[in-house]
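Visitor: Structure of the sequence below:
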Amino acid sequence: MAMKYVAAYLLKAIANKGESEPTEADIRQILESVGICVDDELLLDFLKQMEGKNYTELIAAGRKNLESLGGGGGAAAPAAAGAAAGGAAEAAAPEVEEEEEEEDMDFDLFG
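Guide: Next up is the predicted model:
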């Protein structure tokens with residue numbers, strides 16, 4: 001499922017403040033206003049899947065699934081270890097200042 005339909009649906013749902021569900025025309029208008037082509041079949045399939053569902057409940061359920069994946073947290077362990085050592089690890093480590101130099105870029109990121 002293309003995220004563009006989900007994003008347009010959520011934009012319109014938030015704009016409607018929950019008073020009405022976004023329609024096919026609403027989503028189509030949002031996407032076409034920024035030059036995105038709409039696949040009728042995918043859009044209608046997405047809307048069928050959303051019928052009778054509350055998007056906030058779907059987001060909450062999806063968040064729980066993402067939390068089960070884990071990941072991240074790598075930075076918390078060293079910070080906790082440094083705090084547990086009473087900051088001794090910080091005092092022992094010499095401070096190194098890094099200066100970032102801007103380099104001339106020979107390419108255009110948006111071209």
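
Visitor: ok, how many other residues are close to R63?
Guide: By other Cβ atoms under 10 Å, the residues close to R63 number 10. C-beta: built from backbone N, CA, C; applies to glycine.

Visitor: Helix or strand: which one has it?
Guide: R63 is part of helix 55-69, with elements assigned from DSSP states H and E.

Visitor: could you give me the average pLDDT of that helix?
Guide: The average pLDDT for helix 55-69 rounds to 85.

Visitor: the helices in the protein, which residues?
Guide: Remark: helices assigned in the chain by DSSP state H are 3-16, 24-33, 40-50, 55-69, 76-84, 88-92.

Visitor: now the angle from the second one to helix 3-16?
Guide: On the basis of axes from the mean of the first three to the mean of the last three Cα atoms, to 10 degrees, helix 24-33 is oriented at 110 degrees to helix 3-16.

Visitor: May I see the buried residues of helix 24-33?
Guide: Residues D26, I27, R28, I30, L31 are the ones in helix 24-33 that count as buried (16 or more other Cβ atoms under 10 Å).

Visitor: dump the residue contacts of the fourth one.
Guide: Read it as I30. With contact set as Cβ atoms under 8 Å, 6 or more residues apart in numbering, I30 has these partners: A8, L11, K12.

Visitor: from the buried residues of helix 24-33, which two are the most distant?
Guide: Spatially, the most separated pair among those is D26 and L31, at 9.9 Å (Cβ to Cβ).
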